[in-house]
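*Asks:* Structure, please.
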Amino acid sequence: MGTALVLVDIDGVLNPLRRPHRRFRRHRVAPDGHALNVWLDVRHGRMLRDLAADTGAELVWATYWRDEANVWIGPRLGLPELPFVPVPPFPGIEEGGTFGSWKARHVAAWTRDRPFVWFEDEPDAAASLAAEPGVGDHLLVGVDPVRGLTEAHIASAATWLSARPLPPAVTG
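*Replies:* The predicted model follows:
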């Protein structure tokens, strides 16, 4: 068992479908050269950094943005460069199933048997993830894509992560 992970989606989690509160600011971004607007709340960066620091977990992007999250989102939230789950573009329903099942398949393969919390807004992601063979101990925190990430979501993750045993200390 390795260090626990905190997987973070962007669209619907950090970037809600619409501005839910005046703390959110609109930013113009261009991942992969496609210009769009995102709504971001700078408090999310602090909340995620504190969650990782308080629980010893590692923050990871779990989003179709892949490494573009480190260019366009992380700096605006005060997050350091993070590793990312290499989720390939969605191939379509015929090959990939749903967005949630496609992403869950890649999350399960990337995390292997490591414990993790995943902030995700796709409604079928939890069931899809649970059906993946070999997926590690996990908590999927479902986020309402209209409201985005809240303090209650962070508290739920913190409770779950704090109840986990710490990985063995490495001695040299």
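*Asks:* Quick check: chain neighbours aside, which residue is closest to Ala157?
*Replies:* Closest residue to Ala157 apart from its sequence neighbours, by Cβ to Cβ, 6 or more residues apart in numbering: Val117 at 4.3 Å. For the C-beta atoms, the positions are set from N, CA and C on the backbone; glycine is no exception.
*Asks:* contact partners of the lowest-mean-pLDDT helix or strand in the chain?
*Replies:* For the chain, the helix or strand with the lowest mean confidence is helix 93-96, at a mean of 74 (criterion: mean pLDDT, DSSP states H and E). Defining contact as Cβ atoms under 8 Å, 6 or more residues apart in numbering, one finds that helix 93-96 is touched by Phe90, Trp102.
*Asks:* Can you list the helices and strands that whichever helix or strand comes after it packs against?
*Replies:* Sequence order places helix 99-111 as the next helix or strand after helix 93-96, per DSSP states H and E. Under the contact criterion of 3 or more Cβ pairs under 8 Å, 6 or more residues apart in numbering; DSSP states H and E, helix 99-111 touches strand 5-8, strand 116-120, helix 125-130.
*Asks:* Can you pull out the low-pLDDT segments for this protein?
*Replies:* 1, 96, 165-172 (pLDDT under 70).
*Asks:* Run through the helices of it in chain order.
*Replies:* 43-55, 68-72, 74-77, 93-96, 99-111, 125-130, 151-162 (DSSP state H).
*Asks:* residue contacts, the closest residue to Arg147 other than its chain neighbours?
*Replies:* Spatial nearest neighbour of Arg147, excluding adjacent residues (Cβ to Cβ, 6+ apart): Pro20 at 4.9 Å. The neighbours of Pro20, taking Cβ under 8 Å, 6+ apart as the test, are Trp39, Val146, Arg147, Gly148.
*Asks:* And the buried ones among the residues you listed, selectable in PyMOL?
*Replies:* Buried subset of the contacts of Pro20, written as a PyMOL selection, criterion 16 or more other Cβ atoms under 10 Å:
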select buried, resi 39+147+148
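*Asks:* Tabulate the contacts of Pro20 in a markdown table, adding columns for distance to Gly45.
*Replies:* Listed next are those as a markdown table, based on distance: Cβ to Cβ, whole Å:
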| residue | distance to Gly45 |
| --- | --- |
| Trp39 | 14 |
| Val146 | 21 |
| Arg147 | 18 |
| Gly148 | 13 |
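*Asks:* can you count the residues close to Asp144?
*Replies:* Neighbour count for Asp144, taken as other Cβ atoms under 10 Å: 15.
*Asks:* correct me, but it touches Glu122?
*Replies:* No - if you go by Cβ atoms under 8 Å, Asp144 and Glu122 don't touch, sitting 11.9 Å apart.
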